[in-house]
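> Sharing a sequence plus its predicted fold:
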Amino acid sequence: MKKNIVLSGFMGTGKSTVGKALAQRLGWGFVDTDEQIELLSGMKISKIFSEFGEDVFRRFETLIVFNVSKLSNYVVSVGGGTLVNPFNREILSKNALIITFMAQPEVIYSRICSNRDRPLLDLGREDLILERIRDLLEKRMKYYFMSDFLLDTSFKEICELVDEIIDQIYNLVF
Ligand SMILES: Nc1ncnc2c1ncn2[C@@H]1O[C@H](COP(=O)(O)OP(=O)(O)O)[C@@H](O)[C@H]1O
Ligand SMILES: O=C(O)C1=C[C@@H](OP(=O)(O)O)[C@@H](O)[C@H](O)C1
Ligand SMILES: [Mg+2]
């Protein structure tokens, strides 16, 4: 049986927030790959992007993914682009159930607009950000579909989402 749960999906769908709550409920460990990247590099994600570019960020990301793939009984929240990379997908899915969060573009916008640490969406104007969200979502959908199940988080409370995930896991196991 797979030993971890990975939460994937677009920026602002709630992976980091729900991941923490889910781990607490299960009594499991919790890791957020973006937090690990910041710890390892000693920089904010936005600084890695602006100083070194996205490629360097993606290398840090794969290094962290490789490390967390060895864990057991962990909920792992990854970044919105992590599972676009086939290597990351392969090593994570060997030992983890992959759950992908979805949300409507307007909901994503409302959740991310006050936080400036998402360089891919740091475009200033609401209309440009919404256009970028729609465009990136469309490009990434095929990767998001490569998961064990999808969950729309648009109009659900954190605790409702935790309950739904636990129900789904129960259905898969029994
Ligand atoms: N189900 C939800 N309902 C309302 N707000 C949420 C929900 N999930 C997350 N949020 C809020 O949205 C923002 C982005 O959440 P976060 O967990 O960082 O998303 P992600 O890790 O997918 O980018 C945070 O401010 C968080 O509190
Ligand atoms: O979608 C992406 O490519 C990214 C998502 C971010 O994480 P969240 O999805 O947790 O915001 C973070 O990894 C980085 O800014 C890149
Ligand atoms: Mg996150």
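Cool, the structure landed. Ligands and ions are numbered 1, 2, ... in the order given.
> Does at least one residue of the longest helix anywhere in the chain sit close to ligand 2?
What stands out as the longest helix in the chain, according to DSSP state H, is helix 126-144. No: Helix 126-144 lies apart from ligand 2 when judged by CB under 6 Å from any ligand atom; the minimum separation is 7.1 Å. Yep, even glycine has a C-beta here, placed from its N, CA and C like the rest.
> 17 is where my numbering starts, stick with that
Sure, I'll start counting at 17 from here, so that last one is helix 142-160.
> Point out the residues in this protein that sit beside ligand 3.
Within reach of ligand 3 by CB under 5 Å from the ion, the chain has these residues: 31-32.
> How about the chain: which residue is closest to ligand 3?
Nearest to ligand 3 in the chain, going by CB to the ion, is residue 32, at a distance of 3.3 Å.
> Three-state assignment for that residue, please.
For residue 32, the secondary structure call by DSSP: H, G, I helix; E, B strand; the rest coil comes out as helix.
> Could you double-check that it lies in contact with residue 50?
Yes: using CB atoms under 8 Å, residue 32 is in contact with residue 50, at 7.3 Å.
> I figured residue 167 hits residue 160, correct?
No: in this structure, residue 167 is not within contact of residue 160 by CB under 8 Å, at 10.9 Å.
> Need the residues touching each of the two.
Common neighbours of residue 167 and residue 160, using CB atoms under 8 Å, 6 or more residues apart in numbering, are 116, 118.
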